[in-house]
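**Q** A predicted structure for the sequence below; I have some questions about it.
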Amino acid sequence: MKKTSTLLALCVITMGSSSFSPPPRSQIRTVIIDPGHGGFDPGTHGLISKEKNVALSISLRLGKALQEAFPDLKIVYTRTTDIMPGNKPTLPEGIRYRAELANKAHGDLFLCIHCNSDGHDPGKYAVRRLIRYKTVGRGRRKHQVPVYATNWVKNTTTGTATYIWKADRNLPKGDAINQRQGLGENASADNAAFDMTSPEAKMRAQLYEKKYFANSALLGTLVQNEFVRSGRRSEGVVQRQVGIGVLQATGMPSVLIETGYLSNKEEELYLNSKKGQNEIVKDIVNAFRQYKAKLDGVKQNTGKKR
């Protein structure tokens with residue numbers, strides 16, 4: 001009887017341990033948040049604010065919200081104050097430093113936060129229009145000159161966009177992927193000894209690049225979908241013809257989120273308001289939650305109410 005009881009107890013312990021096996025490890029453990037510009041580089045500006053300050057404020061709120069929603073997530077900022085990251089006060093150094101920080105931190109996702117401009121002066125801008133010609137001078141010096149009228153046009157451009165790096169085999173994304181694989185506290189001795197210029201390394205980088213491009217496009221789409229649900233105008237997911245250096249130098253899925261236009265008076269007020277920034281952060285966090293669930297293979301209720 002004693003022997004039977006012991007065997008039964010062992011079965012119960014075995015069954016219990018198998019039913020309480022730990023969940024699979026998440027594919028997203030470290031998120032890099034990069035507030036655009038900073039220090040001597042103000043970015044674009046509106047009537048009352050500069051991009052570097054708005055981007056920093058949104059980024060800090062975003063990091064806090066992600067940490068509260070996902071306590072196990074590691075958040076790494078490229079800057080938390082009004083500085084240009086890096087050791088030298090130059091834009092190329094700032095980009096290099098941000099990307100190197102992300103790669104060394106072994107980031108699984110790079111979120112770059114910016115504000116936009118349509119290229120015109122904020123608020124209102126002057127438009128000159130040819131209305132007629134008039135004759136000036138006398139004799140041989142007599143000639144016609146154009147007469148212009150100046151109209152002030154309200155800047156009405158609004159909206160959000162998500163940029164991803166431009167897919168091209170000649171771009172340095174593959175090199176950044178190999179750099180990330182060989183850096184960070186989780187890098188193994190095998191990775192450190194791996195020849196990053198070998199055909200094997202290049203092939204591996206190409207495979208990861210395709211995967212990361214698809215993941216970046218997925219996240220970008222989810223972010224824009226959330227913005228649209230909140231009533232914002234979306235310009236979609238964009239591959240810019242001129243590559244974005246910080247996205248191409250980071251060896252991980254990476255997106256640049258244009259949160260709105262500072263050149264539009266009303267949208268600038270929204271971007272500077274607590275309400276506006278909280279809504280933007282909420283939308284990005286909702287998109288991240290869907291993205292993370294997709295990568296981790298977790299089913300979500302798509303019929304949730306907002």
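**A** The structure has been received and is ready for your questions. Numbers count the residues shown, from 1 in each chain.
**Q** domain assignment for this protein?
**A** What automatic domain parsing lists as the domains of the chain is 27-118+157-296, 121-154.
**Q** quick one: the helices in the stretch 151-300 of the chain?
**A** Secondary structure of the stretch 151-300 of the chain, counting by DSSP state H, counting those that start in this stretch: helices at 173-181, 189-193, 199-229, 245-248, 265-272, 274-296.
**Q** return the most buried member of the domains of the chain.
**A** Of all the domains of the chain, domain 27-118+157-296 has the most neighbours on average by mean count of other C-beta atoms under 10 Å, namely a mean of 19. (C-beta placed from N, C-alpha, C; glycine too.)
**Q** sorry, back to before: by mean pLDDT, show me the worst of the helices of the stretch 151-300 of the chain.
**A** Lowest mean pLDDT within the helices of the stretch 151-300 of the chain: helix 189-193, a mean of 41.
**Q** Gln277 contacts Leu271, correct?
**A** Yes: here Gln277 lies in contact with Leu271, judged by C-beta atoms under 8 Å, at a distance of 7.2 Å.
**Q** please enumerate the strands of this protein.
**A** 30-35, 74-77, 109-116, 124-136, 143-154, 160-164, 234-239, 254-261 (DSSP state E).
**Q** what's the closest of these to Asp296?
**A** strand 109-116 (12.7 Å; C-beta to C-beta).
**Q** residues in contact with the closest one?
**A** 28, 30-37, 43-44, 51, 54-55, 58-59, 62, 102, 159, 161, 219, 246-247, 250, 252-263, 271, 284 (C-beta atoms under 8 Å, 6 or more residues apart in numbering).
**Q** per-residue pLDDT, Ser17?
**A** Taken from the predicted model, the pLDDT recorded for Ser17 is 45.
**Q** how about Tyr299, what does it touch?
**A** Heads up, residue 299 is Lys, not Tyr. Neighbour list for Lys299: Ala293 [criterion: C-beta under 8 Å, 6+ apart].
**Q** now do the shared contacts for Gln277 and Leu271.
**A** Contacts common to Gln277 and Leu271, judged by C-beta under 8 Å, 6+ apart, are Ile58.
**Q** so what pairs up with the residue nearest to Ala102 when sequence neighbours are not counted in the strands?
**A** The shortest distance from Ala102 to any residue that is not its chain neighbour, by C-beta to C-beta, 6 or more residues apart in numbering, is 4.3 Å, and that residue is Ile32. Each beta-bridge partner of Ile32 is listed here, defined by DSSP bridges: Val76, Phe110.
**Q** hmm, back to that, could you export the strands of the chain as a markdown table, including distance to Arg289 and mean pLDDT?
**A** Written out in a markdown table, the entries for the strands of the chain read as follows (distance: least, C-beta to C-beta, whole Å; pLDDT from 0 to 100):
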| stretch | distance to Arg289 | mean pLDDT |
| --- | --- | --- |
| strand 30-35 | 12 | 98 |
| strand 74-77 | 15 | 98 |
| strand 109-116 | 13 | 98 |
| strand 124-136 | 39 | 86 |
| strand 143-154 | 37 | 87 |
| strand 160-164 | 16 | 96 |
| strand 234-239 | 18 | 94 |
| strand 254-261 | 15 | 97 |
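**Q** same list (those strands) but as JSON lines, adding distance to Asn87.
**A** Formatted as JSON lines, the entries for those read as follows, by distance: least, C-beta to C-beta, whole Å:
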{"stretch": "strand 30-35", "distance to Asn87": "17"}
{"stretch": "strand 74-77", "distance to Asn87": "17"}
{"stretch": "strand 109-116", "distance to Asn87": "20"}
{"stretch": "strand 124-136", "distance to Asn87": "38"}
{"stretch": "strand 143-154", "distance to Asn87": "43"}
{"stretch": "strand 160-164", "distance to Asn87": "27"}
{"stretch": "strand 234-239", "distance to Asn87": "31"}
{"stretch": "strand 254-261", "distance to Asn87": "23"}
